[in-house]
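Q: give the three-dimensional model of this entry:
(2 chains)
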Amino acid sequence: MRTEVLEIFEHDILIRLITNQPNFLKADGTVTSAVFKKTRHDVDLAVSVKLEKLIEQGTTYLDKKVGKIKAEIPMSLDCRCQHTPKEEDYPHASIFDMTDSKAKKIAKSCQVFDSV
Amino acid sequence: MSYLNADIVCYSTVERPRNIFMPITTKLNTLKVKGKNYVNTQNNLTSSFECTNTKISIIDASDRIISQIESFSNLTNNWDGYHSDKPTPKAILVSIFIANYLSEKGISIDLPYPLSDGGIQLDLSTEKFQYEIEVRDNQIKLLRFDSRDELVISNIFEPEQYDILDKHIA
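A: Alright, predicted model coming up:
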């Protein structure tokens, strides 16, 4: 099992999986801020994401779309981004210090794809 | 849903809408049905429409939103793969009350979304601001954002106070 913690750079892409149902896509193609609001089960109330560079290109997820944001977006909003690998999910990373306003801005810059 | 069988004047990037759903946020210059204009000064539709080759249908925004909120009761825990809680019955009920109440006041919810902690978020926008209404068992939080997505006001209400929300929406 890989446990090495990698540094996240501004140019890295972070992935948030988005359910197809319920629909989180707005009419203008952006996602709602609800996608980036904290889950109370997440580590330190951070938002769980994945580091794209650790996932094979073309990977798809059942019943989910792939939301991509550049790490520089949350970083520029003073959100700490950290690689937080899990035993069953090595690419797992976390966005800390999320607020309602930051979630809205990050959601606006999120691009949605069918696969990684 | 009501059907309008009539001559349609519609100018948009979709030159001749057919078999498409046009949500209320669709940008159009003109949509006239039976002489009535369904586009506001911001070039947004005043209702959602469903267009086929032969007819155009107004979709009652309130009915559509309430159906979507009701459908959240079918979600189970971990519905998003991030260990989220399923929406609580109270959050669903209060959200329906809010959608109904605001609709009566002429304010339409754009879309409802479940939140990861069992709450529900209702997004709506006016000419000046964007709003997010977070509905949870113990409170309603109304967030107002300006055009730069800066949070300008955050109000907390008791769930039973849903009938004063319209006074805080500009």
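Q: what about B:Ile96, which SS state?
A: Assigned with DSSP: H, G, I helix; E, B strand; the rest coil, B:Ile96 falls in the helix class.
Q: quick one, strands of chain B?
A: Assigned by DSSP state E, the strands in chain B fall at B:2-4, B:8-11, B:20-22, B:30-33, B:36-37, B:48-51, B:56-59, B:111-114, B:120-125, B:130-136, B:139-145, B:151-157.
Q: lowest-confidence stretch among the ones you listed?
A: Sorting these by mean pLDDT places strand B:2-4 lowest, at a mean of 44.
Q: can you give the domain ranges for chain B?
A: What automatic domain parsing lists as the domains of chain B is B:2-59, B:62-168.
Q: for chain A, what spans make up the strands?
A: A:13-19, A:47-51, A:64-70, A:81-83, A:92-95, A:111-113.
Q: point out the residues in chain B that sit beside chain A.
A: B:23-26, B:68, B:71-72, B:75, B:79-84, B:110-111, B:113-117, B:121, B:123, B:130, B:132, B:143, B:145, B:149-151, B:154 (Cβ under 8 Å from any Cβ of the partner chain). Where C-beta positions appear, they are placed from N, C-alpha and C, glycine not excepted.
Q: now, of those residues, which are buried?
A: Among the residues of chain B next to chain A, the ones that count as buried by 16 or more other Cβ atoms under 10 Å in any protein chain shown are B:23-24, B:26, B:68, B:72, B:75, B:79-80, B:82, B:84, B:110-111, B:113-117, B:121, B:123, B:130, B:132, B:143, B:145, B:149, B:151.
Q: could you give the number of residues near the closest residue to B:Leu122 other than its chain neighbours?
A: In space, and not counting its chain neighbours, B:Leu122 is closest to B:Ile133: 4.2 Å by Cβ to Cβ, 6 or more residues apart in numbering or on different chains. By the criterion of other Cβ atoms under 10 Å in any protein chain shown, B:Ile133 has 27 neighbours.
Q: spit out the contact partners of B:Ile133.
A: Counting by Cβ atoms under 8 Å, 6 or more residues apart in numbering or on different chains, B:Ile133 touches B:98, B:121-124, B:140-143, B:165.
Q: between the residues you listed, which sits nearest chain A?
A: B:Gln121 (4.6 Å; Cβ to the nearest Cβ).
Q: now the nearest residue to B:Gly118 once chain neighbours are set aside, which residues is it bridged with?
A: Residue nearest to B:Gly118 in three dimensions, not counting chain neighbours: B:Asp85, with 3.9 Å by Cβ to Cβ, 6+ apart. On the basis of DSSP bridges, B:Asp85 is bridged to B:Asp117.
Q: swap in A:Lys65?
A: For A:Lys65, the beta-bridge partners under DSSP bridges are A:Ile18.
Q: just to check, it is in contact with A:Ile18?
A: Yes - with contact defined as Cβ atoms under 8 Å, A:Lys65 counts as touching A:Ile18 (4.7 Å).
Q: neighbour count for these two, which is higher?
A: Remark: of A:Lys65 and A:Ile18, A:Ile18 carries more neighbours, 22 against 19, as counted by other Cβ under 10 Å.
Q: ok, that one - contacts?
A: Counting by Cβ under 8 Å, 6+ apart, A:Ile18 has contacts A:24-25, A:31, A:35, A:64-67, A:112.
Q: chain B: which of those is nearest?
A: The closest of these, once distances to chain B are taken by Cβ to the nearest Cβ, is A:Phe24, at 5.9 Å.
Q: give me the number of residues near that closest one?
A: Using other Cβ under 10 Å, A:Phe24 has 25 neighbouring residues.
Q: got a list of what it touches?
A: For A:Phe24, the contacting residues are A:18, A:31-32, A:34-35, B:113, by Cβ under 8 Å, 6+ apart.
Q: what's the answer for B:Gly119, then?
A: B:87-88, B:91, B:134-137.
Q: Throw the residues you listed into TSV and include neighbour count and distance to A:Leu51, thanks.
A: TSV is the format used below for these (neighbours: other Cβ atoms under 10 Å in any protein chain shown; distance: Cβ to Cβ, whole Å):
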residue	neighbour count	distance to A:Leu51
B:Pro87	27	30
B:Thr88	18	33
B:Ala91	27	33
B:Glu134	22	29
B:Val135	30	33
B:Arg136	19	31
B:Asp137	13	35
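Q: tell me the one of those residues nearest chain A?
A: Using Cβ to the nearest Cβ, the contacts of B:Gly119 come closest to chain A at B:Glu134, 8.2 Å.
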